[in-house]
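Asks: Dropping the sequence and predicted coords here.
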Amino acid sequence: MSNLSFKSIITTSCLLLAGMIYAQEPVRIECKTGEGIGKNIHLWRVEKGEEKSMVNAGYNGNGYYGFSFIPEYEGFYVIGDDKLYHYPLYLKPGDQVSLYMDKDTVYLTGKHNSRENKVLYEWVNLSKDVCEKAMYFQRRRSTFEDFFPDFEKLLAQTEAFKAGIKTQNPKFNALMKRSVDFELDLYALNFLYTPRSKHPSKEQRIAYYNTLIRPDKFTDTVILEMPYGMGLLNKYAMHNGLENNIDYNNLKAFLSVIPNKTLQGEMVVKRGRDFGRSYYEYLQFLEQAKPLVTTEQWALLEEKASKLYEAKKGEQAIDFTYPDAEGKMHSLSDYKGKVVVVDVWAT
């Protein structure tokens, strides 16, 4: 082997090793909390458009706490207490984040915050009043008379803010711009469908609502990378249903406003997961659901069916699916009207 080839192998190996080490760099998060923040602080990852708890910790009397971990992915995470205060973070390997939060404010501290989080918190503070009035109505009383002017003021600043998102991380730049647009929809919809002392008539709504439903929205699955993603999808479909007299229980019609089939399937799985009625009502739900989901999503729905099922003599059997010796999947319903013998071997 030539010296040149040997040196090339060493160089390539070193680069690969350096990449592996970089990929394993931990994230470090430090925070000081003030008045009104709960004593247990949580860190959530985003999984299919929802917050999923990673870890939580109590803090001591001085209000400081911290986390250090290897991030599962680059993207949005959420930090906050177990009450009313949740704030986004954008994390990638090696990032350091320092922030302060209390019942009235949140901001970055220290000198080592990433450019991504600096941009993110510019938006957090720019949208703070609108976000709190729309999402945290328990702590911030508001009606359309003050919310709509605030929303339109924020809307007027949005394009300039998005144009200024120019970090050296193109992945973040693209996600942040999408998140800004998604959040505007989320705030507009959540405000409309949460308890208020007075609600606007359709004539009193601002013009934003007239163009909120559009066929070019939700054509890809980026929304599932947002911690509020599933909530927004369901509010969006609900709003379309209410505006157009579409029955919530008519799955195909209800989901028709979401063009991406993967998103439709995830929404069906979410509804199935939250289904709390009888097994036989769930079977009716499954009849509508099956054409709308992938094989993997269907397996999750069947798992829920098995939890709801209570075997009783003379009643309908559970429609299980299982592979044969060649790996081909068979469902009990495939043999409707036939005598079926199931040979079960104990192992």
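Replies: Right, received. Where do you want to start? Numbers count the residues shown, from 1 in each chain.
Asks: average pLDDT across the helix or strand harbouring Glu296?
Replies: When elements are defined using DSSP states H and E, Glu296 is found to belong to helix 295-308. Per-residue confidence for helix 295-308 averages out to 91 on the pLDDT scale.
Asks: So which residues of the stretch 101-250 of the chain form strands?
Replies: Ranges of strands in the stretch 101-250 of the chain, per DSSP state E, counting those that start in this stretch, are 106-108.
Asks: In it, mark out all the helices, start to finish.
Replies: If DSSP state H, counting those that start in this stretch is used as the criterion, the helices of the stretch 101-250 of the chain fall at 115-126, 128-135, 144-163, 170-192, 229-243.
Asks: Now distance to Gly276 and mean neighbour count too, for those, in JSON lines please.
Replies: In short, each C-beta sits where N, CA and C put it, glycine included. Shown next, in JSON lines, are the helices of the stretch 101-250 of the chain (distance: least, C-beta to C-beta, whole Å; neighbours: other C-beta atoms under 10 Å):
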{"stretch": "helix 115-126", "distance to Gly276": "35", "mean neighbour count": "18"}
{"stretch": "helix 128-135", "distance to Gly276": "25", "mean neighbour count": "20"}
{"stretch": "helix 144-163", "distance to Gly276": "33", "mean neighbour count": "14"}
{"stretch": "helix 170-192", "distance to Gly276": "23", "mean neighbour count": "19"}
{"stretch": "helix 229-243", "distance to Gly276": "16", "mean neighbour count": "19"}
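Asks: could I get those as JSON lines with mean pLDDT and distance to Tyr85?
Replies: JSON lines is the format used below for the helices of the stretch 101-250 of the chain (pLDDT from 0 to 100; distance: least, C-beta to C-beta, whole Å):
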{"stretch": "helix 115-126", "mean pLDDT": "98", "distance to Tyr85": "12"}
{"stretch": "helix 128-135", "mean pLDDT": "96", "distance to Tyr85": "10"}
{"stretch": "helix 144-163", "mean pLDDT": "98", "distance to Tyr85": "20"}
{"stretch": "helix 170-192", "mean pLDDT": "99", "distance to Tyr85": "17"}
{"stretch": "helix 229-243", "mean pLDDT": "98", "distance to Tyr85": "17"}
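Asks: Any idea which of those gets closest to Lys290?
Replies: The stretch from the helices of the stretch 101-250 of the chain with the least distance to Lys290 (C-beta to C-beta) is helix 229-243; that distance is 19.0 Å.
Asks: Now tell me what touches the next helix or strand after that closest one from outside.
Replies: Toward the C-terminus, helix 229-243 is succeeded by helix 251-255 as the next helix or strand (DSSP H and E). With C-beta atoms under 8 Å, 6 or more residues apart in numbering as the test, helix 251-255 has contacts from 237, 241, 246-248, 264, 267-268, 271, 285, 288-289, 291-292.
Asks: Ok, stretch 285-302 next?
Replies: The set of residues external to stretch 285-302 that reach it, using C-beta under 8 Å, 6+ apart, is 250-252, 255, 261-262, 264-266, 268-269, 271-273, 275, 305, 319-321.
Asks: so how far is it off the chain centroid?
Replies: A distance of 20 Å separates the C-alpha centroid of stretch 285-302 from that of its chain, computed with C-alpha atoms, centre = their mean, to the nearest Å.
Asks: any idea how far the residue positioned nearest the centre of the chain lies from Thr221?
Replies: The geometric centre of the chain, computed from its C-alpha atoms, lies nearest to Gly49 (C-alpha atoms, centre = their mean), at 1.8 Å. According to C-beta to C-beta, to the nearest Å, Gly49 and Thr221 sit 9 Å apart.
Asks: ok so, going back, could you dump the contacts of helix 251-255 into JSON lines with distance to Ile213 added?
Replies: Conversion of the contacts of helix 251-255 to JSON lines gives the following (distance: C-beta to C-beta, whole Å):
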{"residue": "Ala237", "distance to Ile213": "10"}
{"residue": "Gly241", "distance to Ile213": "11"}
{"residue": "Ile246", "distance to Ile213": "12"}
{"residue": "Asp247", "distance to Ile213": "17"}
{"residue": "Tyr248", "distance to Ile213": "16"}
{"residue": "Gln264", "distance to Ile213": "16"}
{"residue": "Met267", "distance to Ile213": "16"}
{"residue": "Val268", "distance to Ile213": "20"}
{"residue": "Arg271", "distance to Ile213": "20"}
{"residue": "Phe285", "distance to Ile213": "25"}
{"residue": "Gln288", "distance to Ile213": "22"}
{"residue": "Ala289", "distance to Ile213": "23"}
{"residue": "Pro291", "distance to Ile213": "23"}
{"residue": "Leu292", "distance to Ile213": "20"}
